[in-house]
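Visitor: have a look; sequence and predicted model below, questions after that.
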Amino acid sequence: PPAPKLAGLRICCIGAGYVGGPTMAMMALKCPEVVITIVDISVSRIAAWNSDVLPIYEPGLDKVVKACRGKNLFFSTEVDQGIRDADIIFVAVNTPTKKVGMGAGRAADLTYWELAARRIASVAETPKVVVEKSTVPINTAEAISAVLHGAGKTRFDVLSNPEFLAEGTAMTDLDNPDRVLIGGNMNESGKAAVAKLADVYAHWVPRERILTTNVWSSELSKLVANSFLAQRVSSINAVSAICEASGADVDEVARAVGMDSRIGSKFLKASVGFGGSCFQKDILNLVYLCQSMGLADVAEYFHSVVMMNDRQKERFVSRMIHGLFNTVTGKRIALLGFAFKKDTGDTRESASIEICRRLIEERASVCIYDPKVEADQIWMDLTAATKLDKTEVQKYVTLCDSAYEAASGAHALAIATEWDEFKTLDYGKIQEDMVKPSFVFDGRNVLDHDALRELGYIVYAIGKPLDP
Ligand code: NAD
């Protein structure tokens, strides 16, 4: 059936981050008759959303925000007003790993979520549909429902609608999602709430791709999806270790294995390890949930995915040290890329942070270049990771404005992020300014290794023989 008219519908999203911003911008573009307000407690973030320089970098986002802002898309710090006016309230606040207390290092910290829910409960005057957009543990909807109804002022339906976008491709993912998942209660009002949200998505997503499930299945599916994706990365990275020890080539193995239609070829790229705010956090959350349910063996199984990822980063640095004649102390290393993947300025859990921390520990001199990450962010990440103050970190780390500047006088180039521009650098020119022999450690297997060897580089790649 054609998507029903939505005129008059008002949506509010609490949390103007990597998820709240892009998802609501896409919704505003596709549903021009719906008024969407994104609210956040961060004054600077909202100011940036209302400015020419958005607070996050995502290809295509700029254009959509500029097309809708001030028409049917608004960014505001007036959280209460946003809540009061809305029929549907998405909550897309951060749910990081708990730092202290019970479950520290594994469980999800739901403080921000609970605060948002308490705010909704205290200011809402009419019935609302409250949508979990953040990734949350199973059964969170029940807890949230209890908080919302605690004030006893009005009625709420809580839905789970996890977000599957990937940073760097958020806008195309949102435009054309593999599926939209909506979980809700099976009572009459729950079914009506699910239908209402499905009608919004149906404005651009084919109905057969809108899945509705019970609320727990939906919450769990998000954790499982991220665990499976991360598990594939850890599996191919484990294979890369075997390749390096045996002379096999991980890209050849991935191709041969991925052509089996039962396995599939996507997400089989060996690398220095996965990063990003979600994979590790969500697996650890699943591990904690399993432990709480008395499923120690299942917890151990998923935990090995994170352990393998940690090992991969350490192996990368160890190979670098071994390659550079067993020491990197005082040697200049050009670290190319600091974002956790290309086409984003996000550094959360980026492998570069751990690589850099280890290189500082080894007293190397690290010159970092990333096309998108802000300098302040790098200093924040490195002071947090090393527990050193900024002046101490600056004894070992320099930030550069180009790959050429970072590489000048370096013993080695280390590719940590697969930015397209690294593929087309003039490596001949770069080598002229490097210490000889010059090394490349390609942590993403994105460079032309044969061409680099022709130029005289010694090339270490992930899961590939040193001298093929
Ligand atoms: P983020 O940190 O970029 O954004 C969260 C925003 O919420 C921040 O701007 C913060 O100021 C705001 N906030 C926190 N508490 C608030 C409150 N009480 N009231 C108003 N605003 C509040 O986080 P993100 O990357 O957008 O992730 C949000 C959620 O989405 C997380 O649960 C995450 O796991 C999930 N998720 C993230 C991605 C991703 O690629 N980043 C993908 C899918 C799902």
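Guide: That came in fine, so what should we check first? Residues are numbered from 1 along each chain as shown.

Visitor: tell me the spacing between Thr154 and Trp113.
Guide: 19 Å (Cβ to Cβ, to the nearest Å). Where you see a C-beta, it was placed from the backbone N, CA and C, and this is true even at glycine.

Visitor: so for these two, which residue has more residues nearby?
Guide: Trp113 (23 against 14; other Cβ atoms under 10 Å).

Visitor: show me what contacts the more buried one?
Guide: With contacts defined as Cβ atoms under 8 Å, 6 or more residues apart in numbering, Trp113 is in contact with 91, 93, 95, 134, 136, 140, 144.

Visitor: just send the residues you listed back as TSV, with distance to the ligand too.
Guide: Listed next are the contacts of Trp113 as TSV, based on distance: Cβ to the nearest ligand atom, whole Å:
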residue	distance to the ligand
Val91	8
Val93	4
Thr95	4
Ser134	3
Val136	7
Thr140	10
Ile144	13
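
Visitor: spell out which residues of the stretch 201-350 of the chain are next to the ligand.
Guide: 277-278 (Cβ under 6 Å from any ligand atom).

Visitor: residue boundaries of the strands in the stretch 201-350 of the chain?
Guide: Ranges of strands in the stretch 201-350 of the chain, per DSSP state E, counting those that start in this stretch, are 210-214, 332-336.

Visitor: most packed of these?
Guide: By mean neighbour count, with neighbours taken as mean count of other Cβ atoms under 10 Å, strand 332-336 ranks first of the strands of the stretch 201-350 of the chain at a mean of 26.

Visitor: restrict it to CA atoms and write it as CSV.
Guide: Extracted in CSV, the C-alpha atoms of strand 332-336 (Å, rounded to 0.1, in the frame of the first residue of the first chain):
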residue,chain,number,x,y,z
ARG,A,332,60.8,8.6,13.1
ILE,A,333,57.6,6.8,12.1
ALA,A,334,55.0,8.5,9.8
LEU,A,335,51.6,7.4,11.0
LEU,A,336,49.2,7.9,8.1
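
Visitor: quick check: neighbours of that strand in the sheet, parallel or antiparallel?
Guide: When pairing is defined by DSSP bridges, strand 332-336 lines up against strand 365-369 (parallel), strand 412-415 (parallel).

Visitor: distance between the first one and the chain's centre?
Guide: When you say that, I think you mean strand 365-369. 23 Å (Cα atoms, centre = their mean, to the nearest Å).

Visitor: name the residues that touch it?
Guide: Contacts of strand 365-369 (Cβ under 8 Å, 6+ apart): 330-338, 352, 356, 359-360, 378, 396-403, 405-407, 410.

Visitor: drop anything exposed from these.
Guide: 331-338, 352, 356, 359-360, 378, 396-397, 399-400, 403, 406-407, 410 (16 or more other Cβ atoms under 10 Å).

Visitor: for stretch 294-306, the averaged confidence score.
Guide: Stretch 294-306 comes out with an average pLDDT of 98.

Visitor: buried ones in it?
Guide: 299, 302-306.

Visitor: quick one: which of these sit in helices?
Guide: Residues of the buried residues of stretch 294-306 located in helices (DSSP state H): 299, 302-306.

Visitor: can you list the weak-confidence ranges in the stretch 201-350 of the chain?
Guide: Scanning the stretch 201-350 of the chain for pLDDT under 70 picks out no residues.

Visitor: quick one: name the residues of the stretch 51-200 of the chain near the ligand.
Guide: 79, 92-95, 112, 115-116, 134-135, 163, 165, 167.

Visitor: kindly supply the PyMOL command isolating those of those residues that are buried.
Guide: Filtering those down to the buried ones (16+ other Cβ under 10 Å) takes a single PyMOL command:
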select buried, resi 79+92+93+94+95+112+116+134+135+163+165+167
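
Visitor: closest to Glu314 out of the residues of the stretch 51-200 of the chain next to the ligand?
Guide: Using Cβ to Cβ, Glu167 comes nearest to Glu314 of these, at 24.5 Å.

Visitor: what number of residues lie near Gly264?
Guide: Neighbour count of Gly264, defined by other Cβ under 10 Å: 12.

Visitor: contacting residues around it?
Guide: Gly258.

Visitor: and it, how far from Ala375?
Guide: 40 Å.

Visitor: any chance of the residues of the stretch 51-200 of the chain next to the ligand in TSV, with secondary structure and pLDDT too?
Guide: Output for these, formatted as TSV (DSSP: H, G, I helix; E, B strand; the rest coil; pLDDT from 0 to 100):
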residue	secondary structure	pLDDT
Val79	helix	98
Ala92	coil	98
Val93	coil	98
Asn94	coil	97
Thr95	coil	97
Tyr112	helix	98
Leu115	helix	98
Ala116	helix	98
Ser134	coil	98
Thr135	coil	98
Glu163	coil	98
Leu165	coil	98
Glu167	coil	95
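
Visitor: what angle do the lengthiest helix in the chain and strand 210-214 make?
Guide: Using DSSP H to define each element, the chain has its longest helix at helix 215-246. Orientation note: helix 215-246 sits at an angle of 110 degrees relative to strand 210-214 (axes from the mean of the first three to the mean of the last three Cα atoms, to 10 degrees).

Visitor: and the helices in the stretch 151-300 of the chain, which stretches?
Guide: 170-175, 188-201, 215-246, 250-258, 279-292, 296-323 (DSSP state H, counting those that start in this stretch).

Visitor: pick the most deeply packed of these.
Guide: Ranked by mean neighbours (mean count of other Cβ under 10 Å), the helices of the stretch 151-300 of the chain are led by helix 279-292, with a mean of 23.

Visitor: and the residue of the protein closest to the ligand?
Guide: Taking Cβ to the nearest ligand atom as the measure, the point where the chain comes nearest the ligand is Gly17, at 1.9 Å.

Visitor: my guess is that residue contacts Ala92. True?
Guide: Yes - using Cβ atoms under 8 Å, Gly17 and Ala92 qualify as a contacting pair, with a distance of 6.5 Å.

Visitor: what do the two both touch?
Guide: Taking Cβ under 8 Å, 6+ apart as the contact criterion, no residue touches both Gly17 and Ala92.

Visitor: per-residue confidence at Pro2?
Guide: 63.

Visitor: please apply the same query to the one 5 residues further on.
Guide: Reading off the confidence values, Ala7 has pLDDT 84.

Visitor: for the spatially closest residue to it that is not a sequence neighbour, what are its contacts?
Guide: Once flanking residues are discounted, Ala7 sits nearest to Glu33: 4.5 Å by Cβ to Cβ, 6 or more residues apart in numbering. With contact taken as Cβ under 8 Å, 6+ apart, Glu33 is in contact with 5-9, 72.

Visitor: and Glu33, what pLDDT?
Guide: 95.

Visitor: sec struct for it, please.
Guide: coil (DSSP: H, G, I helix; E, B strand; the rest coil).

Visitor: so what's the residue count around the residue nearest to Ala192 when sequence neighbours are not counted?
Guide: Nearest in space to Ala192, with sequence neighbours left out and distances taken as Cβ to Cβ, 6+ apart, is Asp157 at 7.7 Å. Per other Cβ under 10 Å, the neighbour tally for Asp157 reads 24.

Visitor: cool, the one 3 residues further on as well?
Guide: For Ser160, the tally of surrounding residues (other Cβ under 10 Å) stands at 29.

Visitor: how close does it get to Gly275?
Guide: In terms of Cβ to Cβ, Ser160 sits 26 Å off from Gly275.

Visitor: wait, which of the contacts of Trp113 is closest to Thr172?
Guide: Ser134 (21.9 Å).
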